[in-house]
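> quick one, fold the following:
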Amino acid sequence: MFFLGLLTVLGGFRSYSFRLEHLLGEINREIEAYSQEEMELWQVFSSLTSPIKVYSYCKDKLGMDTPKHVEVVRVREVRAAAMPSSSPKGWRSGVMSFFGFTMN
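Below is the predicted model:
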């Protein structure tokens, strides 16, 4: 009788271990599938953010093109002494004091 009960318990444990092994196998397959999907999404993402892809999208879909003629505008230098200022530190000290900071 004892031997029969022991065999029943051991059989139950074995059945339970097979069930757990099956569940772990399913989880591992899901992990593998999600890893594969993540890798594919990273490849799509990197292809979308590549400079040549952005350039071709802008050219084809948005109608952007490289300029034919580029002009350069030069602005003469303005010296700091010529700028009017209410304080020696300029407008920044007023903004900083408004927020409660002091400039040294």
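> centre-most residue in the chain?
Note on the chain: the residue nearest the mean C-alpha position is residue 45, at 10.3 Å, using CA atoms, centre = their mean.
> that one: which element?
For residue 45, the element it lies in under DSSP states H and E is helix 2-48.
> following that helix, which helix or strand comes up?
Once helix 2-48 ends, the next helix or strand along the chain (criterion: DSSP H and E) is helix 51-61.
> and the helix holding residue 45 with helix 51-61, angle?
Counting by axes from the mean of the first three to the mean of the last three CA atoms, to 10 degrees, helix 2-48 lies at 60 degrees to helix 51-61.
> check contacts around residue 19.
If you count contacts by CB atoms under 8 Å, 6 or more residues apart in numbering, residue 19 has none. All C-beta spots, glycine's among them, are computed from the backbone N, C-alpha and C.
> adjust the sequence numbering to begin at 51 for everything that follows.
With 51 as the first residue, the last one maps to residue 69.
> give me the pLDDT value at it.
On pLDDT, residue 69 comes in at 95.
> same question, the one 4 residues further on
Looking at residue 73, its pLDDT stands at 96.
> where's it relative to residue 126, distance?
Distance of residue 73 to residue 126, given as CB to CB, to the nearest Å: 76 Å.
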